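Participant: All I have is the shape, not the residue letters:
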């Protein structure tokens, strides 16, 4: 609170010192999972004199669609959080102004998917299978190593996944199977999963807090979640834990990498200030804040990871990936075909 | 006199203006963008809709599950409404409050309460497996139609209970008793006398429950699982996941046209069955529990309510106090700690204040507009003999129109707000004012449905007698209408408050600045892994229930201008 007052006083001072430009208020539109430390955001506001207002507009898809609908007179100046499964939709609708941020030099090329630099990679996370360590120890079963294991008889009735039509991790997992087994093979793999009694839920919450043995009264010790979920289990444990109760399956091709982007919305009246905010978000301070706030990995290589992430969340060496244009072109058909095999 | 009368008329037009501005205008804008982005109508989406059997199957499923859910709700709530209208017993008010609490709970939380009780590793299955030495849990309800129906009953029970019992309280026993004296059996007296009198309130409740189940989203998605889809779910899928606005728009239109047709039928049926009644004060119609039969009737209904409503709520409450090592207050303590210095941390007090402020604003707006709308509709209806037919036609048309927001896909309306309310003076897209406005659209139909049956059953002769005895219109209103509709209005107020508290409907699709409410805070906790997050979500849900319970108590105690207890 005191900090807020200080910022406010400084703004007043700035406004009062005639000749200075009027203080700028930037609007940052994003999805519900966005978070940032108070100290980090205040640092930006202190350094630049720019006030940042955050608007949350539902999940990733909902927020992006609202930004597209408001294209003519945008709801905000900067949009944070379009991911690679939705990237083509954003680019096709041309909602971003290109910006060659200098921080791009520190971001791996593999994360840069928009050659125009309208959408700049800001963080990434891997959607992976998580398993309940205690359950597998008690039942004397080897935890799965890769996607092939899930269709083996020993793993019948153990797995919970999400519907790709209604869930982001669900879609990412479907894309992983498409990347692994190819367009010709993924449906056969899903048929085997169905025969092996896979549970499909509509969203992540029902799978994780409704069916996963490590987090609910459910009966599924394997669930589709994130590589960062095990460190979250440690950080948000009821009582301090020595070890994570869950772990991720990170074999080659077992995880799908989601990359999130930030961009300046076309139509903004504060393009210069918006660039400053984007620079800040790609810079070290914000990037090092990302893991513990949003449980994803920083895009910037210079950012240092917190110890929990180093210890409990190994980064998969070879995650599955698909080009965003392929995803955009085929998403509807893939989901439709998946629905026919798995749900009907 | 003349100017004040025309002013009064303008006042009655307020609800109409509100609807045009915040419902029809955004809806028209989004439908126009969906169907005719370049000016010319693209018929493809409508053609696709008509020619795809999948969409017709969805409409069929949406309709039958809503009809069956409504029947089940009525079957269970009607006897309870009788008990609450005819008996006085200790804890009555508390029970009514408990029955309304499910309404505000996020579906994910309710789903988990059901899993804790009925899931494969749940309490009930655990008992059954132990008692009968079974190999596998016998109850497998998750992702079945039974789970959807059960949840719909859980959520909507109190809608029927409150609306019907509030009306029943005012019906005297004199008419059915007269019928019995004339030789009718109790059953026949109920069928021939009580039922016709009660029917308007039962139908009003049935209509609301049906509309809620018809547009069911979270329950179908989460408890029904991915194998089921209502129109609302499919619209969401098309609008958000596929961003196919033409198909989403076409489905929304189908949803609206279907419910509008239903509403027109209902309005006609309703108009034919409402008759003026001698309404009694509730203390004249309720009696204490005396005989064994009384005990059985009351006990059976309380038993049903306990199993159906109180048990899942109790399971949630208990779980919010249970940690890995037994009973704990840890989850509640943790609510006050901003461990990660996040700017989105919400102290529970702030969330309570935000939620309450929105809910009170919604309640005031919905009650004021709903009452005006009800008066507008009845003024035209009661004086139908002297008034032109077109005015009656307008009333028959307006009543269904006011109900439409309840039947309109939240995502469609939310997107409509974004493209329609973008220019001053209506630049409300990112204003906090949009939240209570969106809630009011959904809450107002409740006030209207709750008040109309009461207002229509007031004998015109009462008003005429009062007027003949020298009462001016204000006095007639204060001493005749107000006492008779007050209880119905309070029922509407309770639901308006509740709808806003539970963040029902289109607000989920509004970009909003930092004024996090209780449900928003609950969703935040639920979106991250970790036992502490889950525990805090349940703790916050319990806080939400508590705030609602306090809110109900305050509303029910409201005595405006002490004009006699009804």
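Facilitator: Received it, and whenever you're ready, just let me know what you need. Source: prediction; values computed, not measured.
Participant: Let me see the ranges of the helices in the stretch 1-150 of chain A.
Facilitator: In the stretch 1-150 of chain A, the segments counted as helices under DSSP state H, counting those that start in this stretch are A:2-16, A:38-48, A:60-69, A:87-92, A:133-138.
Participant: Confidence-wise, which of the ones you listed is weakest overall?
Facilitator: Lowest mean pLDDT of the helices of the stretch 1-150 of chain A: helix A:2-16, a mean of 48.
Participant: For the stretch 101-250 of chain A, which segments are assigned as strands?
Facilitator: Counting by DSSP state E, counting those that start in this stretch, the stretch 101-250 of chain A has strands at residues A:120-132, A:159-162, A:199-201, A:222-226, A:246-249.
Participant: Can you give the strand pairings for the second one, parallel or anti for each?
Facilitator: Translated: strand A:159-162. strand A:199-201 (parallel), strand A:222-226 (parallel) (DSSP bridges).
Participant: so where is the chain shaky, pLDDT-wise?
Facilitator: As the question left the chain open, I've gone with chain A. A:1-21 (pLDDT under 70).
Participant: wrong one, chain B
Facilitator: B:1-6, B:272-275, B:282-283, B:380-392, B:504-509, B:511-514, B:558-566.
Participant: Closest residue of it to chain A?
Facilitator: Closest contact between chain B and chain A, by CB to the nearest CB, is at residue B:530 (2.4 Å). (Each C-beta comes from the backbone N, C-alpha and C, glycine too.)
Participant: which residues touch that residue?
Facilitator: Listed by CB atoms under 8 Å, 6 or more residues apart in numbering or on different chains, the contact set of residue B:530 reads A:232, A:233, A:235, A:236, A:237.
Participant: How many residues are close by the second one?
Facilitator: Translated: residue A:233. The number of residues packed near residue A:233 is 27, by other CB atoms under 10 Å in any protein chain shown.
Participant: Please apply the same query to residue A:236.
Facilitator: Based on other CB under 10 Å, the number of other residues close to residue A:236 is 21.
Participant: State the phi and psi torsions of it.
Facilitator: Per-residue torsions, residue A:236: phi -100, psi 30 (degrees, to the nearest 10).
Participant: which ones are touching it?
Facilitator: B:528, B:529, B:530, B:531, B:532, B:533.
Participant: Out of the residues you listed, who's the most crowded?
Facilitator: Counting neighbours by other CB under 10 Å, residue B:529 comes out on top of the contacts of residue A:236 with 28 neighbours.
Participant: What helix or strand is that residue located in?
Facilitator: Using DSSP states H and E, residue B:529 is not contained in any helix or strand.
Participant: My understanding was that residue B:142 contacts residue B:222; is that so?
Facilitator: No - assessed by CB atoms under 8 Å, residue B:142 is found out of contact with residue B:222, at 10.2 Å.
Participant: For those two, indicate the residue with more neighbours.
Facilitator: It is residue B:222, of residue B:142 and residue B:222, that has more neighbours when counted by other CB under 10 Å, with 26 against 23.
Participant: Which positions in the stretch 301-450 of chain B make contact with chain A?
Facilitator: B:323-325, B:330, B:340-344, B:411, B:414-415, B:418-419, B:422-423, B:429-430 (CB under 8 Å from any CB of the partner chain).
Participant: Weed out the non-buried ones from these.
Facilitator: The neighbour count (16 or more other CB atoms under 10 Å in any protein chain shown) marks B:323, B:330, B:340, B:342-344, B:411, B:414-415, B:418-419, B:422, B:429-430 as buried among these.
Participant: returning to what we had before: quick one: which two of the contacts of residue A:236 are the most distant?
Facilitator: Farthest-apart pair in the contacts of residue A:236 is B:528 and B:531; separation 11.1 Å (CB to CB).
Participant: Buried by neighbour count: which residues of stretch B:323-336 qualify?
Facilitator: Applying 16+ other CB under 10 Å to stretch B:323-336 flags B:323, B:328, B:330, B:331, B:332, B:334, B:335 as buried.
Participant: typo on my end, stretch B:189-196
Facilitator: Buried residues in stretch B:189-196, defined by neighbour count with 16+ other CB under 10 Å: B:189, B:190, B:193, B:194.
Participant: which residues sit against it?
Facilitator: B:171, B:175, B:176, B:177, B:179, B:180, B:184, B:273.
Participant: ends of that stretch, how far apart?
Facilitator: In stretch B:189-196, first residue to last residue: 10 Å (CA to CA, to the nearest Å).
Participant: hang on, the earlier thing: kindly reformat the strands paired with strand A:159-162 as TSV containing mean neighbour count.
Facilitator: Shown next, in TSV, are the strands paired with strand A:159-162 (neighbours: other CB atoms under 10 Å in any protein chain shown):
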stretch	mean neighbour count
strand A:199-201	25
strand A:222-226	28
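Participant: Could you dump those into JSON lines with distance to residue A:283 added?
Facilitator: As requested, the strands paired with strand A:159-162 are exported to JSON lines (distance: least, CB to CB, whole Å):
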{"stretch": "strand A:199-201", "distance to residue A:283": "38"}
{"stretch": "strand A:222-226", "distance to residue A:283": "24"}
